[in-house]
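# I would like to see how this sequence folds:
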Amino acid sequence: MYDYIDGRLTFKCPAYIVVEAGGIGYHVNISLNTYGALGDAERCKIFVWLHVKEDAHTLYGFLDEGERRMFLHLISVSGIGPNTGRMMLSSITPAEIQTAIVNADLPLIQRIKGIGAKSAQRLVLELQDKLKKEGTGSLIAAPLNATVREEALSALMMLGFAKLPAEKTLDQAIKNAGDELNVEQLIKIALKNL
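Below is the predicted model:
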């Protein structure tokens, strides 16, 4: 429902922030990773995810898309809820979590509060292949002034295609058609060839 909130940071503590946008103060739960990255900023753009339960609607916020993407991967695993996902992102960085899961580093994963042996094994089992396919660059936010190729690659990765085959297909399409393709045309050609 919400993608991000851009506004004035009116309150900040290690567990949550309040961002005022359009005259409304949004209470957003954050990780220690985001808390540290916010620094002394007076304004912020926070990427959010809305958790809807029967008795509450809770916003979780992340300073960049990569952290949010990792959070969504984590909570997709059975037994890992939003608070546990936030705890994991507070304990180690998203890149360290990704590396630990891809390398099946169970001792590192188990050092995170609330993650036992079974949860660590489940995380590796369910996310290892998915994170390997995405590659290490998947946690880096898309550049603001992206080229047509970068935007198309980002879109293909969001659709679930692995980075390397998508890059090869895009490069081949650009080689065949030249630079006169727009993002939509490039994605359509790539989808036919993937």
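# would you mind writing the CA trace of stretch 59-75 as PDB?
Provided in PDB are the C-alpha atoms of stretch 59-75 (Å, rounded to 0.1, in the frame of the first residue of the first chain):
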ATOM      1  CA  LEU A  59       4.600   0.300   9.700                       C
ATOM      2  CA  TYR A  60       8.200  -1.000   9.400                       C
ATOM      3  CA  GLY A  61      10.700   1.400   7.900                       C
ATOM      4  CA  PHE A  62      14.000   1.000   6.200                       C
ATOM      5  CA  LEU A  63      16.500   3.600   5.000                       C
ATOM      6  CA  ASP A  64      17.000   1.800   1.600                       C
ATOM      7  CA  GLU A  65      15.200  -0.600  -0.600                       C
ATOM      8  CA  GLY A  66      17.900  -3.300  -0.100                       C
ATOM      9  CA  GLU A  67      17.200  -3.500   3.600                       C
ATOM     10  CA  ARG A  68      13.500  -3.700   2.900                       C
ATOM     11  CA  ARG A  69      14.000  -6.400   0.300                       C
ATOM     12  CA  MET A  70      16.100  -8.500   2.800                       C
ATOM     13  CA  PHE A  71      13.400  -8.000   5.500                       C
ATOM     14  CA  LEU A  72      10.700  -9.300   3.100                       C
ATOM     15  CA  HIS A  73      12.800 -12.300   2.300                       C
ATOM     16  CA  LEU A  74      13.300 -13.000   6.000                       C
ATOM     17  CA  ILE A  75       9.600 -12.800   6.900                       C
END
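# what residues sit buried inside that stretch?
Within stretch 59-75, the residues that count as buried by 16 or more other CB atoms under 10 Å are 59-71, 73-75. Where C-beta positions appear, they are placed from N, C-alpha and C, glycine not excepted.
# return the closest of those with respect to Lys113.
Of all the buried residues of stretch 59-75, Leu74 has the smallest distance to Lys113: 14.0 Å, by CB to CB.
# that closest one touches Ile80, doesn't it?
Yes. With contact defined as CB atoms under 8 Å, Leu74 counts as touching Ile80 (5.3 Å).
# kindly point out which residues are neighbours of both of those two.
Shared contacts of Leu74 and Ile80, defined by CB atoms under 8 Å, 6 or more residues apart in numbering, are found at 88, 123.
# among the buried residues of stretch 59-75, name the ones in helices.
Counting by DSSP state H, those place 65-71, 73-75 in helices.
# redo the residues you listed as TSV? Include pLDDT and distance to Ser154.
TSV is the format used below for those (pLDDT from 0 to 100; distance: CB to CB, whole Å):
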residue	pLDDT	distance to Ser154
Glu65	89	10
Gly66	89	12
Glu67	92	16
Arg68	93	14
Arg69	92	11
Met70	92	16
Phe71	94	18
His73	93	17
Leu74	94	21
Ile75	94	22
